[in-house]
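# Fold the following.
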Amino acid sequence: MRRLSVRLLPVLLAAALLEGQSLRQVSLLITHGIIVTVNPERRVITDGAIAIDGPRIVDVGAAADIAARYRGAETIDAAGSVVMPGLINTHTHAPMVLFRGLADDLALMDWLQKYIFPAEAKTVSPDFVRVGTQLAALEMIESGTTTFTDMYYFEDDIARAAKSAGLRGVLGETIIQFPVADARTPADSLARTERFAAEFAHDDLITPAVAPHAMYTLDADTLKACRALADRLHIPVIIHLAETNDEVRTSEEKHHLTPTAFLESIGFWGPRTVAAHAVHVTPDDIRILARRHVGVSHNPESNMKLASGAAPVPAMRDAGIAVGLGTDGAASNNDLDMFEAMRQAAFLHKLVMGDPRIIPAPVAIEMATIDGARTLGLEQQIGSLEAGKLADVIVVSMASARQTPMYDPQSHLVYVTRGDDVRTTIVNGKVLMRDRKVLTLDVDRVLAEARVYAEKVRAAVAGSRIPGHE
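Numbering: from 1, shown residues only. You can find the predicted model right below:
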């Protein structure tokens, strides 16, 4: 019996070796999580795993099946957690985290013209946007955002800071009619945009965009020039649209058209255009946006806080418009937590429509993931957990008292989860945060620099009309 065992030993070892050789080596395995794929079948895998190699997902399936096919250079055990696509913030102004709480409880035009624009004139610089973007990147990584869409000044510095932190960004240099921190004229801003686009052309994380501020802060010729530049460079366009009744009233008095119809009349609309807010759009406006394949960024928290109104999201979705979610800047929200955006989007439209079935939890998740990707024209690359897509993935803990018990993971993600439940954040296959430890930023330095800038902002606005700073 012993001799038989000795004779069989080489055979068994050879079989084990062959079995090991049959496993495909990948860079990262995420195992034993509840996988919310947001794929076309909206598959949820109770005990699932994801195989990632380099920047891309190579397989998604049951944990046992993935273990039988792959061996990971690194493994993340996601037991007790939900694994889902990274969240996509379709509209924000990242450096404005440094103005968080500076001026609250105001209407949009008062907030902008009396407080934010003057504060920006005194404080915004390349270093300001670097420090602010690093702080925003830290907040986004810690709360599960993997892609953000930005419109601000010195956008090249924002791009460098975001890329260094490992985040994906669709980033646009703001173009506005009056002198601002990085440009004296719209022509200067357009020139900066072209240089910015050239620097980050074909970048693996940064997508440059043209970002005209709004139809009420630009003349028709500049708006046309923005569209022409975007078409020539084949890059997206980002614009604020119909955020307030004041904007609609201004447009109708000046052009006898709604903001959407005015922009249509000058040939502005086109694919890969993101219209942020779209609060006050008519049925005709919705038809224009749908016909032109414009994506809409819905910002429920900012719209509620500024009392701007409630965008007709169900009607836009019914028309086939891709509607993603955004936080807006942290000066008007006042955070960058996309789980809050999901929850408030679901709540707001249930209330407005008087229908608890409107924007159910799975739809809110789609708006923060795959529909956000569609809004940006990136749905073939990100927004769901599918083989071949880029590996933008987050692991969300379900272990706390607040998360217990859990009957439906999608319900929990929308109605219970907060940003600080995120344990691990991965972009392009790179782990940016693991077990709440951020790996791509010096957290203490980021927070210290932000606090120094807060004192500079406080000093700059001292004696102004900003509430609390007189």
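# contacts for stretch 190-210?
For stretch 190-210, the surrounding residues in contact (CB atoms under 8 Å, 6 or more residues apart in numbering) are 55, 149, 155-156, 159, 162-163, 166-173, 175, 182-183, 211, 222, 225-227, 229-230, 233, 235-238, 274, 376, 378, 427-428. (Glycine included, C-beta is placed from N, CA and C.)
# Show me these that map onto helices.
155-156, 159, 162-163, 222, 225-227, 229-230, 233, 376 (DSSP state H).
# tell me, what residue is most central in this structure?
residue 89 (1.8 Å; CA atoms, centre = their mean).
# just to revisit the earlier point, between all of the ones in helices among the contacts of stretch 190-210, which two are separated the most?
Using CB to CB, the pair of the ones in helices among the contacts of stretch 190-210 lying farthest apart is 163 and 222, separated by 28.6 Å.
# Just name the shakiest helix or strand of this structure by mean pLDDT.
helix 2-22 (a mean of 48; mean pLDDT, DSSP states H and E).
# Looks to me like the residue nearest to the centre of the chain is in a helix.
No - remark: residue 89 does not belong to a helix; assigned using DSSP: H, G, I helix; E, B strand; the rest coil, it is strand.
# excluding its backbone neighbours, what's nearest residue 270?
In this structure, residue 270 finds its nearest non-sequential neighbour in residue 292, 6.1 Å apart by CB to CB, 6 or more residues apart in numbering.
# what's the answer for residue 243, then?
Of all residues not flanking residue 243 in the chain, residue 277 sits nearest, at 4.0 Å (CB to CB, 6+ apart).
# What is the burial count for that neighbour?
28 (other CB atoms under 10 Å).
# Provide a list of residues in contact with it.
Per CB under 8 Å, 6+ apart, neighbours of residue 277: 91, 240, 241, 242, 243, 297, 298, 299, 303, 308, 311.
# pLDDT below threshold where in the chain?
1-21, 463-470 (pLDDT under 70).
# Helices along the stretch 301-450 of the chain, start to end?
313-318, 338-353, 361-368, 370-376, 409-415, 443-461 (DSSP state H, counting those that start in this stretch).
# name the helices or strands packed onto the second one?
If I follow you right, that is helix 338-353. Applying 3 or more CB pairs under 8 Å, 6 or more residues apart in numbering; DSSP states H and E, one finds that helix 338-353 makes contact with strand 87-92, helix 300-305, helix 313-318, strand 323-325, helix 361-368, helix 409-415.
# Can you lay out the ones you listed as a markdown table showing distance to residue 281?
Shown next, in a markdown table, are those (distance: least, CB to CB, whole Å):
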| stretch | distance to residue 281 |
| --- | --- |
| strand 87-92 | 16 |
| helix 300-305 | 13 |
| helix 313-318 | 8 |
| strand 323-325 | 12 |
| helix 361-368 | 17 |
| helix 409-415 | 25 |
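# Show me the one of the ones you listed that comes nearest residue 71.
It's helix 409-415; of the helices and strands packed on helix 338-353, that one is closest to residue 71 (CB to CB) at 27.5 Å.
# which parts of that closest one are buried?
409, 410, 412, 413, 414 (16 or more other CB atoms under 10 Å).
# Pretty sure residue 419 sits against residue 338.
Yes - in this structure, residue 419 is within contact of residue 338 by CB atoms under 8 Å, at 7.3 Å.
# now residue 392: how far from residue 192?
Here the distance between residue 392 and residue 192 works out to 28 Å (CB to CB, to the nearest Å).
# for residue 433, same thing?
From residue 433 over to residue 192 (counting by CB to CB), the distance is 32 Å.
# Neighbour count: those two, which is higher?
residue 433 (24 against 19).
# isn't the more buried one right next to residue 424, touching?
Yes - counting by CB under 8 Å, residue 424 is a contact partner of residue 433 at 6.0 Å.
# other SSEs contacting the lengthiest strand in the chain?
The residue-count maximum for a strand in the chain (DSSP state E) belongs to strand 24-36. Contacts defined by 3+ CB pairs under 8 Å, 6+ apart place strand 24-36 against strand 44-53, strand 56-62, helix 63-69, strand 70-77, strand 81-85, strand 393-397, helix 409-415.
# Out of the ones you listed, which one sits most buried?
Highest mean neighbour count among the helices and strands packed on strand 24-36 (mean count of other CB atoms under 10 Å): strand 81-85, with a mean of 27.
# any idea how far residue 315 lies from residue 203?
From residue 315 across to residue 203, the span is 36 Å (CB to CB).
# Kindly apply the preceding question to residue 68 instead.
From residue 68 to residue 203 the distance is 37 Å (CB to CB).
# for residue 395, same thing?
Counting by CB to CB, the gap from residue 395 to residue 203 is 26 Å.
# domain assignment for this protein?
2-79, 85-438 (automatic domain parsing).
# okay, those domains, which one's buried deepest?
domain 85-438 (a mean of 21).
# how long is that domain from one end to the other?
Distance between the two ends of domain 85-438: 18 Å, counting by CA to CA, to the nearest Å.
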